[in-house]
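In: Everything below, folded, please.
(4 chains)
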Number of protein chains: 2
Amino acid sequence: MTTQTHSNGGLSIAEVAERTGLTAHTLRYYERDGLMLGVGRNGSGHRAYTEGDLGWITLITRLRSTGMPIREIRRYAEMVREGAGNEEERLALLRAHRDRVRAQLEETAAHLDAIEFKVSYYAAAVGETDPDAELIAQQRRGDVAAPR
Amino acid sequence: MTTQTHSNGGLSIAEVAERTGLTAHTLRYYERDGLMLGVGRNGSGHRAYTEGDLGWITLITRLRSTGMPIREIRRYAEMVREGAGNEEERLALLRAHRDRVRAQLEETAAHLDAIEFKVSYYAAAVGETDPDAELIAQQRRGDVAAPR
DNA sequence: GTCCGGGTTCGAGTGCACTCGAAGTCAAGT
DNA sequence: ACTTGACTTCGAGTGCACTCGAACCCGGAC
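Out: Prediction:
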């Protein structure tokens, strides 16, 4: 059997798992838990994902990996399922998350700085030249621009 | 009773909890789990933290909040407790973590971009002017420099 | 001398996000 | 007809990092 759903009515769970990096178990779990917008079935009762579902899963992945809890994603999914009329609420939810992510990003950057410093310390103690340490020192001094 | 340990022999667990933002429960848990370097006790058997302990807890917090698992912090603490001679191994551990944090930071930044985009989309749909969206658009165009 | 607040140890409980196993179905291949 | 393998649902189990409760102790205030 190919992993393709018959009569080309969509993507099988195995295909979606491969493309998204999630497991089939996790995809079913998300659906059970109300995170999906409604996944269709084919003649044999197998899930048939659309390209739109793929995009939605990508969004879920972004939200999850930036720390949004499952239950908040579920709330968002519920709003989307309800259809037009609650855009303001969706916007508020997304903005709140965006603000958290921004803060988290800054905090992580600060922690990273401290960790870099410690690495430099050990590199010096070990007598090994840390190529990164010198680069960072240059950036701090303004000798070179920070990358990206 | 003040929360200060008697005869000024160090900081009480309550003081450390307040200063670090961790709970007393968590501080005991970290010690039990081998994350600390050896916390002293006073005459009554109460923990008496030093300023050095404070610094170490700060490091643990940074490592934890950047995603280092407890057991890896324990490994690091063990090496520090073993004393001089394993600096190269400590360095390797820190570098590996640093690399993960760098990667994580980039990934989060990318996800944030996508979320910002979605916020702009909804802001436009709602007909509300998103002050941030315009700023970001300017940055993308190069009209203004990105902050910080 | 009794009370009280805050400390102590030990072990069990919680919340989150998966992760897995069991038992059954279904369509295609031989 | 039978086997195979990927799917289905359902519910239970796992790993991580705390988090909490119970039972006890100890030093200072009243």
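
In: mind listing the strands in chain A by residue range?
Out: Assigned by DSSP state E, the strands in chain A fall at A:40-41, A:47-48.

In: Including distance to chain B and mean neighbour count, could those go into a markdown table?
Out: Every C-beta, even on glycine, is put in place using the N, C-alpha and C of the backbone. Listed next are these as a markdown table, based on distance: least, C-beta to the nearest C-beta, whole Å; neighbours: other C-beta atoms under 10 Å in any protein chain shown:
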| stretch | distance to chain B | mean neighbour count |
| --- | --- | --- |
| strand A:40-41 | 24 | 12 |
| strand A:47-48 | 25 | 21 |
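
In: Of all those, which one is nearest DNA strand C?
Out: strand A:40-41 (10.9 Å; C-beta to the nearest atom of the strand).

In: burial of A:Phe117, as a residue count?
Out: 11 (other C-beta atoms under 10 Å in any protein chain shown).

In: residues near A:Thr108, how many?
Out: 20.

In: The one 10 residues further on now?
Out: When neighbours are defined as other C-beta under 10 Å, A:Lys118 has 18 of them.

In: Tell me how far it lies from A:Leu63.
Out: Distance, A:Lys118 to A:Leu63, using C-beta to C-beta, to the nearest Å: 32 Å.

In: how about stretch A:24-31: buried residues?
Out: Neighbour counts over stretch A:24-31 (16 or more other C-beta atoms under 10 Å in any protein chain shown) mark A:Leu27, A:Tyr30, A:Glu31 as buried.

In: Which of these fall in helices?
Out: A:Leu27, A:Tyr30, A:Glu31 (DSSP state H).

In: how close does the last one get to DNA strand D?
Out: To tie it back to what came earlier, the one meant is A:Glu31. 8 Å (C-beta to the nearest atom of the strand, to the nearest Å).

In: who in chain A is up against DNA strand D?
Out: Contact residues (C-beta under 7 Å from any atom of the strand) of chain A with DNA strand D: A:Met1, A:Thr3, A:Ser12, A:Ile13, A:Ala14, A:Glu15, A:Ala24, A:Arg28, A:Arg41, A:Gly45, A:His46, A:Arg47.

In: Kindly recompute the last result at 6 Å.
Out: A:Met1, A:Thr3, A:Ser12, A:Ile13, A:Ala14, A:Ala24, A:Arg28, A:Gly45, A:His46, A:Arg47 (C-beta under 6 Å from any atom of the strand).

In: from these, which would you call buried?
Out: A:Ser12, A:Ile13, A:Ala14, A:Arg47.

In: how about the nearest residue to A:Gly40, chain neighbours excluded?
Out: A:Ala48 (4.8 Å; C-beta to C-beta, 6 or more residues apart in numbering or on different chains).

In: ok now do the one you found, which residues does it touch?
Out: A:Thr5, A:Gly9, A:Gly10, A:Leu11, A:Ser12, A:Val39, A:Gly40, A:Arg41, A:Asn42 (C-beta atoms under 8 Å, 6 or more residues apart in numbering or on different chains).

In: quick check, stretch A:17-26 touching chain B?
Out: No. Counting by C-beta under 8 Å from any C-beta of the partner chain, no contacts exist between stretch A:17-26 and chain B, the nearest distance being 12.5 Å.

In: Extract the C-alpha trace of that stretch and format it as CSV.
Out: Extracted in CSV, the C-alpha atoms of stretch A:17-26 (Å, rounded to 0.1, in the frame of the first residue of the first chain):
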residue,chain,number,x,y,z
ALA,A,17,3.7,13.1,10.3
GLU,A,18,6.7,13.0,8.0
ARG,A,19,6.2,16.6,6.7
THR,A,20,5.6,18.2,10.0
GLY,A,21,8.0,16.2,12.2
LEU,A,22,5.2,15.3,14.6
THR,A,23,4.2,11.7,15.2
ALA,A,24,0.9,10.2,14.1
HIS,A,25,0.2,9.7,17.8
THR,A,26,0.6,13.5,18.4
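
In: if we look at that stretch, which residues are touching it?
Out: A:Leu11, A:Ile13, A:Ala14, A:Val16, A:Leu27, A:Tyr30, A:Leu54, A:Ile57, A:Thr58, A:Thr61.

In: can you rerun that using 7 Å?
Out: A:Ile13, A:Ala14, A:Leu27, A:Leu54, A:Ile57, A:Thr61 (C-beta atoms under 7 Å, 6 or more residues apart in numbering or on different chains).

In: Farthest pair within the residues you listed?
Out: A:Ala14 and A:Thr61 (17.5 Å; C-beta to C-beta).
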